[in-house]
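[1] Okay, sequence plus prediction incoming.
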Amino acid sequence: MDKPATSLRGKVVLVTGAAKRIGRGIALRLSEEGARVAIHYGSSEAEARRTAAECGTDLLFRANLERVDEIERMFAEVGERAGSLYGLVNNAARFTLRDPLEVTEADWDFIHNVNLKAVFFCAQQAARLMKQSGHGRIVNISSLGGLRPWAMHAHYCASKAGVIMLTRALAKAFAPEITVNSVAPGVIPFLDIDEAGLAMIRSTPAARGGTPEEVADAVVYFLKASNFVTGQILAVDGGLSLK
Ligand SMILES: NC(=O)c1ccc[n+]([C@@H]2O[C@H](COP(=O)([O-])OP(=O)(O)OC[C@H]3O[C@@H](n4cnc5c(N)ncnc54)[C@H](OP(=O)(O)O)[C@@H]3O)[C@@H](O)[C@H]2O)c1
């Protein structure tokens, strides 16, 4: 029987897009839990190095997640340098505002290549490594936008709804050794928040935006849970999805 990981101490967990913002918050929290955090970044090298230093890790990986060959190369390096992989947090993503009447093929691919295609291929590569040790945990960061329709973000909403269905389908495909779950954040504000984001915060039952630490709490829950918790979507949104 699969035992829950009561501790993440010494376990290797890769966080994609971990240089800044929510990914950085997840990485720091995992480090506090004693995990051996592997930091992925795309272009934010200086910030990624800072996050890695604060996490006390030398596991730092750069990859353009738009490219499956770069994803495969990164996971080969993770296997070589870390020796094993217990957890993957698929956090990296893109977010754009576009009128659906104006969305081009390039706009669509810009979002879906990272938000959905990369999530699938990172999960595939991670699962191959995890199967070698007999167990693993994958946590996909989706979004309230995958649960609720936002008119000017239809392309983004579709990508995140895809992440939610991927989570459920891969949970079945990778069971019983590997669990696949998803955290769906509501509004987690940073300095660049726009008026639409502020309006969403005003209508959030909790009467505030969330924090990276609150998203990280949910990630830690899924990483520690037994394989009896899989294919689940946990909204961390102050109740906004109840509307
Ligand atoms: N912030 C919110 O309010 C909110 C709400 C709901 C859901 N979420 C979800 O929560 C997660 C984190 O949100 P966030 O706002 O912190 O994200 P973010 O800052 O927009 O993006 C996180 C990281 O993704 C990486 N990334 C994007 N495209 C990449 C590519 N082609 N190759 C490699 N890395 C790439 C970037 O890394 P580099 O900088 O290194 O290039 C970026 O720092 C995302 O999945 C997001 O959809 C966020």
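    Perfect, thanks for sending it.
[2] alpha carbons only for contacts and neighbour counts from here, please
    Noted.
[3] so what's residue 61 bridging to?
    Beta-bridge partners for residue 61, by DSSP bridges, are residue 40.
[4] which ones are touching residue 20?
    Residues in contact with residue 20, defined by Cα atoms under 8 Å, 6 or more residues apart in numbering, are 47, 48, 51.
[5] buried residues in the host helix or strand of the last one?
    Right, residue 51. Using DSSP states H and E, residue 51 sits within helix 45-55. For helix 45-55, the neighbour count (16 or more other Cα atoms under 10 Å) marks 48, 49, 51, 52, 55 as buried.
[6] Please list the residues outside the helix ranked longest in the chain that contact it.
    Longest helix of the chain, by residue count under DSSP state H: helix 154-174. For helix 154-174, contacts defined as Cα under 8 Å, 6+ apart pick out 95-96, 100, 108, 111-112, 115-116, 119-120, 127, 140, 142-143, 145-150, 178-182, 230-233.
[7] of the residues you listed, buried ones?
    Buried among the contacts of helix 154-174 (16+ other Cα under 10 Å): 108, 111-112, 115-116, 119-120, 127, 140, 142-143, 145-147, 178-182, 230-233.
[8] ok, and of those residues, which contact the ligand?
    The subset of the buried ones among the contacts of helix 154-174 within reach of the ligand, by Cα under 6 Å from any ligand atom, is 142, 143.
[9] re earlier: and the longest helix of the chain, average pLDDT?
    For helix 154-174, mean pLDDT rounds to 99.
[10] Which other helices and strands does the helix holding residue 51 contact?
    helix 21-32, strand 36-41, strand 60-62 (3 or more Cα pairs under 8 Å, 6 or more residues apart in numbering; DSSP states H and E).
[11] Go through those and pick out the most buried.
    Across these, the average number of neighbours (mean count of other Cα atoms under 10 Å) peaks for strand 36-41, which reaches a mean of 26.
[12] still on that earlier bit, would you list the contacts of residue 20 in JSON lines and tack on distance to the ligand?
    JSON lines is the format used below for the contacts of residue 20 (distance: Cα to the nearest ligand atom, whole Å):
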{"residue": "47", "distance to the ligand": "8"}
{"residue": "48", "distance to the ligand": "7"}
{"residue": "51", "distance to the ligand": "11"}
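[13] Kindly calculate the angle that the strand of greatest length in the chain makes with helix 21-32.
    The longest strand of the chain (DSSP state E) is strand 178-185. Note on geometry: by axes from the mean of the first three to the mean of the last three Cα atoms, to 10 degrees, strand 178-185 and helix 21-32 are set 130 degrees apart in direction.
[14] Now strand 178-185 - C-alpha only, CSV.
    Extracted C-alpha coordinates of strand 178-185, given in CSV (Å, rounded to 0.1, in the frame of the first residue of the first chain):
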residue,chain,number,x,y,z
ILE,A,178,1.9,8.4,-9.3
THR,A,179,-0.8,10.8,-8.3
VAL,A,180,-1.8,13.8,-10.5
ASN,A,181,-3.7,16.7,-8.9
SER,A,182,-4.3,20.3,-9.6
VAL,A,183,-4.4,23.6,-7.6
ALA,A,184,-6.6,26.2,-9.2
PRO,A,185,-5.6,29.7,-7.9
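[15] residues contacting the closest residue to residue 135 other than its chain neighbours?
    The shortest distance from residue 135 to any residue other than its chain neighbours is 4.5 Å, reached at residue 177 (Cα to Cα, 6 or more residues apart in numbering). Counting by Cα under 8 Å, 6+ apart, residue 177 touches 2, 131, 134, 135, 136, 227.
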